[in-house]
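Trainee: Need a 3D model of the sequence below.
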Amino acid sequence: MKKQVILLSTILFSTAFMAQNKGLVANAQSPYSKLQSVGLEDVKWTDGFWKEQFDVETKSTLPYMWNLYHNDSISHAYQNFEIAAGLTKGVFKGPSFHDGDFYKIFEGMAATYAVTKDKKLDAEMDEAIALFAKVQRKDGYIHTPVLIDERWGTLGPEEVKKQLGFEKYNMGHLMTAACVHYRATGKTNFLNIAKGVADYLYDFYKKASPELARNAICPSHYMGIVEMYRTVKDPKYLELANNLIDIRGTTNDGTDDNQDRIPFRQQTTAMGHAVRANYLYAGVADLYAETGEKKLLENLESIWDDVTYRKMYITGACGALYDGVSPDGTSYNPTDVQKIHQAYGRPFQLPNATAHTETCANIGNVLWNWRMLQITADAKYADIVELALYNSVLSGISLEGTRFCYNNPLNVSKDLPFKQRWSKERESYIALSNCCAPNVTRTVAEVGNYAYSFSKEGLYVNLYGSNTLKTTMPDGQKIEIEQQTNYPWDGKIVLKIIKAPKEAQAFFLRIPGWSQGAIISLNNNKINDEVVSGTYFKINQKWKKGDIIELNIPMPVELMQANPLVEEIKNQIAVKRGPVVYCLESDQLPANISINDVVLNANSQFTTSFIELDSRKLLTINATSKIAQDYSWDKKLYQPISSKTAKEYSFNLIPYFAWGNKGKGEMTVWMSH
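Mentor: Reported below is the predicted structural model:
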């Protein structure tokens, strides 16, 4: 009898372990992670906002991107693999991160397959994996610019050298995509390729000098290597991840742009290129989850404070400047001052019309905060995940899902007398750098995996949206939940227990930091315990089928102001409702009125109504403003305030993520009042 009990416990543990290791991160056994992922297939959107977005993903975005990256007349990404495999002769074309872009789309396809079980997706992935296997060198190396030149000699040594910068970035995305594919399908064909890559990197970094190892910008391979360790449990991969941090910043040619002028353990503020920075911070958080090195967490928390309280936009966007310098204004020595691309900038330096805010940086903010949530169980990180997803991530893709933004400004003004590198309109393919489109493709496919987490005590509810959860708890117990809500347009959330665990389990409901006065009831009986914003509310009991938890979060329209040290928006206000930031577009104004002339009436009634735009249901906010009629700024830098009576106008504000879907025009988040 005792043996049977032990055997049954082993089976239950094994089943639970497999279930918990089928999420985006396989951290069920990460010793310093307080939360663990549910399986990729465990959550299915059933209605409302995220169901609409997932439908756009499966019906439009994913097939569009997959076909686009197979179209050699536009992207040449898949063709590069075919040339590297020797299937055809040719030359490498495209940016040096083209391989990584394709792996990101692949990852999105794998995450989608986990939910839909679409056999066509499975077949398409197998076809691509077979090609990757043909490309891969015997030592595990795979980077098409180099392998094409080795096979065909079409680039030359100087051009090959230029292509090395994103070599490790591409490998990192390969490893991450392979782990997601393995969890989604149970197949090891791509994982075996990723093992070859990880083994190559292990051997490379064991032998390479820190100087040689520097060509590793935008370090997605930190996350990739740790995920490989979690997936195959080879300790040398964890050794490699530690080594990557140890050698970082130990050379004389490091840059703040690449976050390696000084070692990471000396970094306490966000610096340099925002995409590279956020990827680095996410990777370090992964490493902390495995090692528990206190210095890593201390620095991550210090950097998080710097970003969240001094350098992040109201939309959750990161990377304020197209180009900056570091240090800025503290040194005369030109050897100290370095140019920074896509810079975080100084504290409180947050321009709007010229904001860079690359979509990849905003996704990096999600990746980083998601990992911080996992290792701490602190709701403030989930707040940032939600903020960025609803605003500065979804703004990177059109409502119909086939046009994309590289950057995400908070103001678009036609009268600005200059142009910048990136368009203020979404494009179907951003020729110079299309990295954001594949990144948002995989992110939207994976949002469901952010909705819930496990802990030793029970289930954490991180994001709200109508869905079903069918999963296995860490102790082996099965649980099924049905969530019904019209969030983010409505703050009523209903969780119904469909299959209850046999033993007592705790539910942890995230009470958003932006909320006030949330009310929780259980089976129509109000819970009178204090509900604190910015925390998880714990309900612990033995559950039965049909139990209903109801969370009601008031969603008034709120007028937001910035810290007065943010000079560009001093004495301006923005409109926010729930997690969604709103904006004004020029189609709501008379033809001769600039978006920048609007003075928002802070005493507006702020009524709400739904509209349909590109087959999407959006909640708009009606407001009023007063606009002076005799103002002209032609050949004027300053002028007296008008003494004439301003005319009142009424207009509808739309969610910021939906701006630019009605054609070219002006837009602003912040307005005078």
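Trainee: so D126, which of the three states?
Mentor: Look at D126: counting by DSSP: H, G, I helix; E, B strand; the rest coil, its state is helix.
Trainee: And for it, nearest residue in space, chain neighbours not counted?
Mentor: The shortest distance from D126 to any non-neighbouring residue, by Cβ to Cβ, 6 or more residues apart in numbering, is to N189 (7.0 Å). No exception for glycine: its C-beta is placed from N, CA and C like everyone else's.
Trainee: State the distance from that neighbour to E567.
Mentor: Using Cβ to Cβ, to the nearest Å, N189 is found at 54 Å from E567.
Trainee: do the same with T485
Mentor: In terms of Cβ to Cβ, T485 sits 39 Å off from E567.
Trainee: sorry, back to before: of N189 and E567, give the one with the bigger neighbour count.
Mentor: Taking other Cβ atoms under 10 Å, N189 and E567 do not tie; N189 has more neighbours (16 against 11).
Trainee: show me what contacts that one?
Mentor: Taking Cβ atoms under 8 Å, 6 or more residues apart in numbering, we find N189 in contact with 126, 129-130, 133.
Trainee: now, which of these sits nearest I497?
Mentor: Nearest to I497 among these is D126, at 38.4 Å by Cβ to Cβ.
Trainee: Next one, pLDDT for that closest one please.
Mentor: Per-residue pLDDT puts D126 at 98.
Trainee: Now F97: closest residue in space, sequence neighbours ignored.
Mentor: Among residues not flanking F97 along the chain, F166 sits closest, at 4.0 Å (Cβ to Cβ, 6+ apart).
Trainee: next one: phi and psi at that neighbour?
Mentor: Dihedral pair for F166: phi -100, psi 20, per degrees, to the nearest 10.
Trainee: Kindly list the longest strand within this structure.
Mentor: Determined from DSSP state E, the single longest strand within the chain is strand 616-627.
Trainee: pLDDT weak spots in the protein?
Mentor: 1-20, 159-163, 211-216, 329 (pLDDT under 70).
Trainee: center of it - which residue?
Mentor: Among the residues of the chain, the one closest to the centroid is I363, at 2.4 Å (Cα atoms, centre = their mean).
Trainee: looking at this, that residue is in a helix?
Mentor: Yes. According to three-state DSSP, I363 belongs to a helix.
Trainee: Could I get the contacting residues of it?
Mentor: Counted by Cβ under 8 Å, 6+ apart, I363 has contacts 388, 393, 436, 439-440, 443.
Trainee: which residues of the stretch 1-150 of the chain fall in helices?
Mentor: Applying DSSP state H, counting those that start in this stretch to the stretch 1-150 of the chain gives helices spanning 2-20, 48-56, 62-68, 77-84, 98-116, 119-135, 144-152.
Trainee: Point out the most buried one among these.
Mentor: helix 98-116 (a mean of 26; mean count of other Cβ atoms under 10 Å).
Trainee: which strands and helices sit next to that one?
Mentor: With contacts defined as 3 or more Cβ pairs under 8 Å, 6 or more residues apart in numbering; DSSP states H and E, the packing partners of helix 98-116 are helix 62-68, helix 77-84, helix 119-135, helix 167-185, helix 436-446.
Trainee: can you list those in CSV and add distance to Q259?
Mentor: What follows is those, written out as CSV (distance: least, Cβ to Cβ, whole Å):
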stretch, distance to Q259
helix 62-68, 29
helix 77-84, 27
helix 119-135, 30
helix 167-185, 14
helix 436-446, 19
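Trainee: quick one, which of those helices is nearest to F54?
Mentor: Nearest to F54, of all the helices and strands packed on helix 98-116, is helix 436-446, at 7.1 Å by Cβ to Cβ.
Trainee: Share the number of residues neighbouring L191, please.
Mentor: L191 has 21 nearby residues by other Cβ under 10 Å.
Trainee: Please name the residues that touch it.
Mentor: Contacts of L191 by Cβ under 8 Å, 6+ apart are 178-179, 181-182, 231-232.
Trainee: Compare those and tell me which has the most neighbours.
Mentor: Result: A178 is most packed of the contacts of L191 (other Cβ under 10 Å), 30 neighbours.
Trainee: That one and A194 touch, don't they?
Mentor: Yes. With contact defined as Cβ atoms under 8 Å, A178 reaches A194; the gap is 3.5 Å.
Trainee: rewinding a little: show me which residues of the longest strand of the chain are buried.
Mentor: Buried positions in strand 616-627, judged by neighbour count with 16 or more other Cβ atoms under 10 Å: 616, 618-623, 625-627.
Trainee: And those, which two are furthest apart?
Mentor: Across the buried residues of strand 616-627, the longest distance by Cβ to Cβ is 31.3 Å; it joins R616 and K626.
Trainee: Would you state the strands of the stretch 201-350 of the chain in chain order?
Mentor: Listed in chain order, the strands of the stretch 201-350 of the chain (DSSP state E, counting those that start in this stretch) span 321-326, 338-343.
Trainee: Which among the ones you listed is found nearest to N525?
Mentor: If you check each of the strands of the stretch 201-350 of the chain against N525 by Cβ to Cβ, strand 338-343 wins as the nearest, at 51.7 Å.
Trainee: what angle do that closest one and strand 321-326 make?
Mentor: Per axes from the mean of the first three to the mean of the last three Cα atoms, to 10 degrees, the angle that strand 338-343 makes with strand 321-326 is 150 degrees.
Trainee: Tell me which other helices or strands strand 338-343 touches.
Mentor: So strand 338-343, by 3+ Cβ pairs under 8 Å, 6+ apart, packs with helix 274-291, strand 321-326.
Trainee: Pick the most buried one from these.
Mentor: For the helices and strands packed on strand 338-343, the largest average neighbour count (mean count of other Cβ under 10 Å) is found in helix 274-291, namely a mean of 26.
Trainee: So which elements touch that helix?
Mentor: helix 220-232, helix 235-247, helix 294-306, strand 338-343, helix 359-376.
Trainee: Tell me the secondary structure of the closest residue to A133 other than its chain neighbours, please.
Mentor: Spatially, and ignoring its direct neighbours in sequence, A133 is nearest to I193 (6.0 Å; Cβ to Cβ, 6+ apart). Per three-state DSSP, the secondary structure class of I193 is helix.
Trainee: which ones are touching I193?
Mentor: By Cβ under 8 Å, 6+ apart, I193 lies in contact with 129, 132-133, 136, 142, 174, 178.
Trainee: L459: what's it in contact with?
Mentor: By Cβ under 8 Å, 6+ apart, the contact list for L459 reads 452-453, 473, 479, 481, 505-508.
Trainee: Doesn't it lie inside a strand?
Mentor: Yes. Counting by three-state DSSP, L459 is part of a strand.
Trainee: if I look at it, how far off is I247?
Mentor: Distance of L459 to I247, computed by Cβ to Cβ: 40 Å.
Trainee: now swap in N552 and tell me
Mentor: From N552 to I247 the distance is 52 Å (Cβ to Cβ).
Trainee: Comparing those two, which residue is more hemmed in?
Mentor: I247 (19 against 16).
Trainee: Tell me if I'm right that that one and P210 touch.
Mentor: Yes. With contact defined as Cβ under 8 Å, I247 reaches P210; the gap is 4.6 Å.
Trainee: before we move on, the earlier item: output the helices and strands packed on strand 338-343 in a markdown table, with distance to Y656 appended to each entry.
Mentor: Formatted as a markdown table, the helices and strands packed on strand 338-343 follow (distance: least, Cβ to Cβ, whole Å):
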| stretch | distance to Y656 |
| --- | --- |
| helix 274-291 | 19 |
| strand 321-326 | 20 |
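Trainee: Of these, which is nearest D122?
Mentor: Nearest of those to D122, taken as Cβ to Cβ: helix 274-291 at 27.9 Å.
Trainee: In CSV, could you pull the C-alpha coordinates for that closest one?
Mentor: Taking Å, rounded to 0.1, in the frame of the first residue of the first chain, the C-alpha atoms of helix 274-291 are listed here in CSV:
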residue,chain,number,x,y,z
ALA,A,274,16.6,50.7,-24.6
VAL,A,275,16.0,47.4,-26.5
ARG,A,276,19.4,46.0,-25.6
ALA,A,277,19.0,47.2,-22.0
ASN,A,278,15.5,45.6,-21.4
TYR,A,279,16.6,42.4,-23.0
LEU,A,280,19.7,42.3,-20.7
TYR,A,281,17.6,43.0,-17.6
ALA,A,282,15.1,40.2,-18.6
GLY,A,283,18.0,37.8,-19.0
VAL,A,284,19.6,38.8,-15.7
ALA,A,285,16.2,38.2,-14.0
ASP,A,286,16.2,34.7,-15.5
LEU,A,287,19.6,34.1,-14.2
TYR,A,288,18.6,35.3,-10.7
ALA,A,289,15.7,32.8,-10.7
GLU,A,290,18.3,30.0,-11.0
THR,A,291,21.1,31.3,-8.8
